[in-house]
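Student: after the sequence you'll find the predicted model.
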Amino acid sequence: MKQDPFRQLVAILEQLRGPDGCPWDREQTFDSLRPYLLEETYEILETIDLKKYAQLREELGDLLLHIVLQAQIAREEGLFQIDDVLAEINAKLVRRHPHVFGETKVDNTRQVLKNWESIKLEDGDKRVLSGVPKTQPALLRAFRVQEKAAGVGFDWEKVSSVLEKVREEIDELQEAAQHGEQERVEEEFGDLLFSLVNLARFLKVPPEEALRGTVEKFIRRFNYIEKTLLERGKEIQKSTLQEMDSLWDEAKFKGI
């Protein structure tokens with residue numbers, strides 16, 4: 001009988017960590033694997049952005065490897081094992097979806113999120129904003145903090161109110177800049193970014209992904225400027241802003 005692929009992965013990692021296994025794998029710890037775990041996550045995001053779904057299959061496998069490897073280390077240290085991880089997530093999914101696995105009725109996604117946060121509080125996370133890692137990128141962390149607060153009803157009622165708040169923050173930033181109050185400028189700029197994240201949430205735009213897309217677009221167009229100037233025998237450092245702006249518009253017109 002063919003072995004279950006997941007159990008095969010668990011067995012492979014157990015062997016790699018064993019006495020006759022791989023020296024590198026045996027040396028790994030929870031902490032040493034942190035940068036690789038983060039790297040694999042970003043590689044998954046990149047393949048999704050590029051819609052490279054065959055590569056996504058491979059990257060998901062790499063991430064799964066790290067999850068099972070972390071569980072194997074935990075097993076060796078007598079903390080828990082992979083079956084405990086699976087049992088806990090299975091139970092959590094059923095418990096936090098009473099509208100699917102129970103009798104609770106919901107009309108929309110907002111009610112689902114509100115129920116999720118309420119059940120989470122009952123599960124032992126006594127503070128609404130607990131569970132949002134400080135190590136997350138600030139933009140993503142702002143989004144998750146707002147999402148969690150909204151889950152218990154602390155939210156704007158309509159998008160027009162959010163837009164009004166954005167305009168208010170722009171005015172406050174402009175005022176601080178005019179007075180040369182650098183510390184206040186930084187604070188007001190942060191408030192503006194936070195308001196823009198709120199606006200993104202209301203418009204159902206993932207801010208981290210939106211900004212990543214804009215950064216990539218900027219890189220593509222800037223690379224076009226640099227490449228075109230080199231083809232004309234001119235270094236970008238010796239080009240005028242007017243020349244670069246013209247090529248930027250050209251790249252934009254070409255859909256780059």
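Tutor: Ah, there it is.
Student: buried residues in stretch 161-178?
Tutor: By neighbour count on 16 or more other CB atoms under 10 Å, the buried set for stretch 161-178 is 162-163, 165-166, 169, 172-173, 176. C-beta: built from backbone N, CA, C; applies to glycine.
Student: let's see which of those end up in helices.
Tutor: Among the buried residues of stretch 161-178, the members found in helices (DSSP state H) are 162-163, 165-166, 169, 172-173, 176.
Student: shaky segments in the stretch 151-256 of the chain?
Tutor: Judged against pLDDT under 70, the stretch 151-256 of the chain has no low-scoring part.
Student: domain parsing for the chain?
Tutor: Domain assignment for the chain by automatic domain parsing gives 5-95, 129-205, 209-253.
Student: let's have the ones you listed in CSV, adding distance to Trp116.
Tutor: Shown next, in CSV, are these (distance: least, CB to CB, whole Å):
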stretch, distance to Trp116
domain 5-95, 10
domain 129-205, 6
domain 209-253, 22
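Student: right, and the ones you listed - which one's nearest Thr109?
Tutor: Closest to Thr109 of the domains of the chain is domain 129-205 (CB to CB; 9.9 Å).
Student: straight-line length of the closest one, end to end?
Tutor: 21 Å (CA to CA, to the nearest Å).
Student: look up how far Ile256 lies from Ile48.
Tutor: 22 Å (CB to CB, to the nearest Å).
Student: ok, Leu16 next?
Tutor: 45 Å.
Student: how about Arg127?
Tutor: If you go by CB to CB, the gap between Arg127 and Ile256 works out to 46 Å.
Student: how many neighbours does Gly61 have?
Tutor: Gly61 has 12 neighbours, counted by other CB atoms under 10 Å.
Student: pull the contacting residues for Asp83.
Tutor: By CB atoms under 8 Å, 6 or more residues apart in numbering, Asp83 lies in contact with nothing.
Student: and it, backbone torsions?
Tutor: phi -60, psi -30 (degrees, to the nearest 10).
Student: my read is that Leu60 contacts Ile44, right?
Tutor: Yes. Applying CB atoms under 8 Å, one finds Leu60 in contact with Ile44, separated by 6.5 Å.
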